[in-house]
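>>> Show me how the following folds:
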Amino acid sequence: SRIRIMKLWHSVAVVLFAVLIAVPLFSPKHVFNPLVLKKIANDAVAAGGNSTVIVNRVMASMKEAYPQWTVPEPGHAWIFNVAGGAMGSMTILHASLSEYVIIFGTAVGTEGHTGRFLADDWFTILYGEQWAHTAGVLDKEIYRPGDQHHLAFGETKQYKMPDECWALEYARGNIPSMLPFGVFSIFFNTVDFITLWDTVKWTAVQMIDNLLKGK
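From the prediction side, this is the model:
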């Protein structure tokens, strides 16, 4: 009957969701090192230039350091992202079940909630500043070019980019569980389904590609 079929599909969806949550946590495969990414960022910052020059330098260095795991043409697709009240744009350098690496930032400034994830997140500033606030701590944290802001597994903060700011962001943990945070605002705020399509498309392409590589 139709009800039985619907129950079956519901059970399958629950199992698939549970697998997506469990596999990256209990059988992770990590290829990126936050210290290596910090050095790539620091070298690019030290070489100087405007935000475009520094970001392009970082993408080229990522391709050189991780040729197998970085997208074939870094920076070929930029996508708006609205999450936790903050808006910026990003380009995906790597996405898999257990890791992602992106360039994220804004040319005009933004502010919002970091999210609370089943993952660690390292946010290395390339240009501009990021400010952060932890509940109960009355002094703000300030991160400048070359600084790496680590948001630990399960933690959350308020953050602000007071003006133009770009960063190399690396997340390690359960990446599928992070995805709803990155798209919910599309349904309840921006209603920008072209951005939704681009986000899902480029994330899925990378995840499938890396699954085929055994990651």
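>>> where in the protein is pLDDT low?
1-2, 6-8, 10-28 (pLDDT under 70).
>>> Just the strands from it, written as ranges.
79-83, 86-95, 99-106, 110-113, 119-127, 130-133, 141-143, 148-151, 158-161, 165-173 (DSSP state E).
>>> Out of the ones you listed, which one sits most buried?
With neighbours taken as mean count of other Cβ atoms under 10 Å, these reach their highest mean count in strand 165-173, at a mean of 24. C-beta: built from backbone N, CA, C; applies to glycine.
>>> Any idea how far that one is from the middle of the chain?
6 Å (Cα atoms, centre = their mean, to the nearest Å).
>>> now do stretch 196-211
13 Å.
>>> Nearest to Val31, out of the strands of the chain?
Distance to Val31, taken as Cβ to Cβ, is lowest for strand 99-106 among these, at 6.9 Å.
>>> Direction included, what does that closest one pair against?
strand 86-95 (antiparallel), strand 165-173 (antiparallel) (DSSP bridges).
>>> Tabulate the ones you listed (JSON lines), appending distance to Val183.
Below are the strands paired with strand 99-106 laid out as JSON lines (distance: least, Cβ to Cβ, whole Å):
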{"stretch": "strand 86-95", "distance to Val183": "13"}
{"stretch": "strand 165-173", "distance to Val183": "15"}
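>>> Tyr66: which of those strands is closest?
Across the strands paired with strand 99-106, closest to Tyr66 is strand 86-95 (Cβ to Cβ), at 7.4 Å.
>>> Contacts for the closest one next, please.
For strand 86-95, contacts defined as Cβ atoms under 8 Å, 6 or more residues apart in numbering pick out 32, 59, 62, 66, 69-71, 74-81, 100-106, 110-113, 159, 161, 169, 175, 202-203, 206-207, 210.
>>> To Tyr127, which of the strands paired with strand 99-106 lies closest?
Per Cβ to Cβ, nearest to Tyr127 of these: strand 165-173, 4.6 Å.
>>> what about Asp147, how many residues close to it?
Using other Cβ atoms under 10 Å, Asp147 is surrounded by 18 other residues.
>>> Offset the numbering so it begins at 36, please.
With 36 as the first residue, the last one maps to Asp182.
>>> Quick one: residues contacting it.
By Cβ under 8 Å, 6+ apart, the contact list for Asp182 reads Thr159, Ile160.
>>> Would you mind measuring from it to Gly217?
Distance, Asp182 to Gly217, using Cβ to Cβ, to the nearest Å: 24 Å.
>>> Out of the strands of the chain, which is closest to Ala81?
strand 154-162 (11.3 Å).
>>> same for the closest one, what does it pack against?
helix 69-81, helix 86-100, strand 134-141, strand 183-186, strand 200-208 (3 or more Cβ pairs under 8 Å, 6 or more residues apart in numbering; DSSP states H and E).
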